[in-house]
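# I'll drop the sequence and a predicted model, then ask my questions.
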Amino acid sequence: MKSVPLVLSIISIILLMIYGIDVMIAGGSGDGLLPFDAMTRGIGLGMPPIILSFIAFFMSKKPPFKGLGILLIVTGVLIIIGGAMFFISAEESQNTARMVGEGGGLIAIGIIIMALGGIKIKKSSTK
């Protein structure tokens, strides 16, 4: 049962890395490695890691699993970095309020996922 949450967390990190690389290559143009516009890229590569992280945490709620906690913290940090990038790109955008709102939401979600990772590490240390 420990391997499924671990695999889900690794998939989350891989998707976030692909997302980040695609955004960096696209720059402001929207043409990255993958043939997606910004919204499709965000929905297809950004939402699944968030969902998979929560699933991984709740699947492994009972057994102590420090490695999963570390992976959740890494996922949270990557999401926070993505949220911070919204703030940076908001200066160049005409839709500043929307960009700042999305960035703030991502940072909040990243903090929650990092907290779940911390909880997982703390529970595995006490047993």
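Here it is on my side, so go on.
# Mind giving me the packing neighbours of the longest helix along the chain?
Longest helix in the chain by number of residues (criterion: DSSP state H): helix 96-126. Here helix 96-126 touches helix 47-59, helix 66-90, going by 3 or more Cβ pairs under 8 Å, 6 or more residues apart in numbering; DSSP states H and E. Just so you know, the C-beta spots here come from the backbone N, C-alpha and C atoms, and that holds for glycine as well.
# how about that helix: buried residues?
Using 16 or more other Cβ atoms under 10 Å as the test for burial, helix 96-126 gives 99-100, 102-103, 106-107, 109-110, 112-114, 116-117, 120-121, 123-124.
# Which residue is the nearest non-sequential neighbour of the residue nearest the centre of the chain?
Centroid-nearest residue in the chain, with Cα atoms, centre = their mean: residue 79, separated by 3.7 Å. Leaving aside its chain neighbours, residue 79 sits nearest to residue 110 (3.5 Å; criterion: Cβ to Cβ, 6 or more residues apart in numbering).
# residues contacting the one you found?
75, 76, 77, 78, 79, 80, 82, 83 (Cβ atoms under 8 Å, 6 or more residues apart in numbering).
# Please apply the same query to residue 32.
21, 22, 23, 25, 26, 41.
# ok, of those residues, which one's closest to residue 63?
Top of the list for closeness to residue 63, among these and by Cβ to Cβ, is residue 21 at 33.2 Å.
# Let me see the contact set for residue 41.
19, 22, 23, 32, 34.
# Show me these that map onto helices.
Counted as lying in helices by DSSP H, out of the contacts of residue 41, are 19, 22, 23.
# hey, which helix or strand in this protein has the poorest pLDDT?
One helix or strand of the chain scores below all others by mean pLDDT, DSSP states H and E: helix 38-41, with a mean of 79.
# Quick check: buried residues in that helix?
In helix 38-41, counting by 16+ other Cβ under 10 Å, buried: residue 41.
# Can I get it in CSV? Just the C-alpha atoms.
Output in CSV follows, covering the C-alpha atoms of helix 38-41 (Å, rounded to 0.1, in the frame of the first residue of the first chain):
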residue,chain,number,x,y,z
ALA,A,38,-1.7,28.4,-21.3
MET,A,39,-5.1,27.5,-19.9
THR,A,40,-5.0,23.9,-21.3
ARG,A,41,-1.4,23.5,-20.0
